[in-house]
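Novice: okay, sequence plus prediction incoming.
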Amino acid sequence: AQSVTQPDIHITVSEGASLELRCNYSYGATPYLFWYVQSPGQGLQLLLKYFSGDTLVQGIKGFEAEFKRSQSSFNLRKPSVHWSDAAEYFCAVGASGGSYIPTFGRGTSLIVHP
Amino acid sequence: SQTIHQWPATLVQPVGSPLSLECTVEGTSNPNLYWYRQAAGRGLQLLFYSVGIGQISSEVPQNLSASRPQDRQFILSSKKLLLSDSGFYLCAWRLKDRDTGELFFGEGSRLTVL
């Protein structure tokens, strides 16, 4: 069975500082990996995804993530955080197929101090 | 382009009352459809998914039900709400023929059961 672990429930950073959100997954084959962002009271928006090719993936809003198969990780990074990045971040793992059901992590809440 | 609509956005209902949340996708056909619930401070819980009209799979036994009367319409219902049904409900869709597997989420429906 596939699973996703986001070990940090909350992360606090200062505006302008760098950010790394951790995600570890368990999956029997090459996974499809995703990061989503959720602003308060909103739905989830896709930040970036990995399914093949270059293991460093660029996304929207200046985010990037790196797939490391040896560590079963897909950590999200941003070199300089803006106050508007404060939100909930979800990592997800899945695969192709008609009855596809992705698995989401519990989320990491990002707090940005001015 | 494809869009997804959920309504109502906010709902306050007494215990024991019925529920109907509606989700409609536009600009695509034959999508996979999903209902998730997000309780306060917790991750995403998959409730139901559907791969076609009238085809519903339930992930969690509870007093909720789902129906897909039309290709792009997904309805979440309950005959008698419980306090524990309070939460943020998210509808999502996915293209079957897109192999990258990302989900696209609606804006959510906030349900408070009193």
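Specialist: Great, that's in hand. Residues are numbered from 1 along each chain as shown, chains lettered A, B, ... in the order given.

Novice: in space, what's closest to the residue nearest to the spatial centre of chain A - neighbours in sequence excluded?
Specialist: Geometric centre of chain A, nearest residue: A:W35, 3.3 Å, by Cα atoms, centre = their mean. Leaving aside its sequence neighbours, A:W35 sits nearest to A:L47 (Cβ to Cβ, 6 or more residues apart in numbering or on different chains; 4.4 Å). All C-beta spots, glycine's among them, are computed from the backbone N, C-alpha and C.

Novice: over to B:H5?
Specialist: B:T24 (5.0 Å).

Novice: which ones are touching that neighbour?
Specialist: Taking Cβ atoms under 8 Å, 6 or more residues apart in numbering or on different chains, we find B:T24 in contact with B:4-5, B:72-74.

Novice: near chain B, which residues of chain A show up?
Specialist: Applying Cβ under 8 Å from any Cβ of the partner chain, we find that chain A lies next to chain B at A:32, A:34, A:36, A:41-46, A:49, A:51, A:90, A:92, A:94-96, A:98-102, A:104-107.

Novice: and those residues, which are buried?
Specialist: A:32, A:34, A:36, A:42-44, A:46, A:49, A:51, A:90, A:92, A:94-95, A:100-102, A:104-107 (16 or more other Cβ atoms under 10 Å in any protein chain shown).

Novice: in strands only, show me the residues you listed.
Specialist: Using DSSP state E, the subset of those located in strands is A:32, A:34, A:36, A:44, A:46, A:49, A:90, A:92, A:94, A:104.

Novice: beyond the helix or strand of chain A with the lowest mean pLDDT, next helix or strand please.
Specialist: None of the helices or strands of chain A scores lower by mean pLDDT, DSSP states H and E than strand A:103-104, at a mean of 90. Sequence-wise, the next helix or strand downstream of strand A:103-104 (DSSP states H and E) is strand A:108-113.

Novice: tell me how far that next one lies from the chain's centre.
Specialist: 14 Å (Cα atoms, centre = their mean, to the nearest Å).

Novice: give me the contact list for that strand.
Specialist: A:6, A:8-15, A:19, A:21-22, A:81-83, A:85-90.

Novice: wait, doesn't B:Y89 sit right on B:E107?
Specialist: No: in terms of Cβ atoms under 8 Å, B:Y89 does not count as a neighbour of B:E107; the distance is 10.7 Å.

Novice: would you mind listing what in chain B touches chain A?
Specialist: Going by Cβ under 8 Å from any Cβ, the residues of chain B near chain A are B:32, B:34, B:42-44, B:46, B:49, B:51, B:57, B:59, B:88, B:90, B:92, B:94, B:96, B:99-108, B:110.
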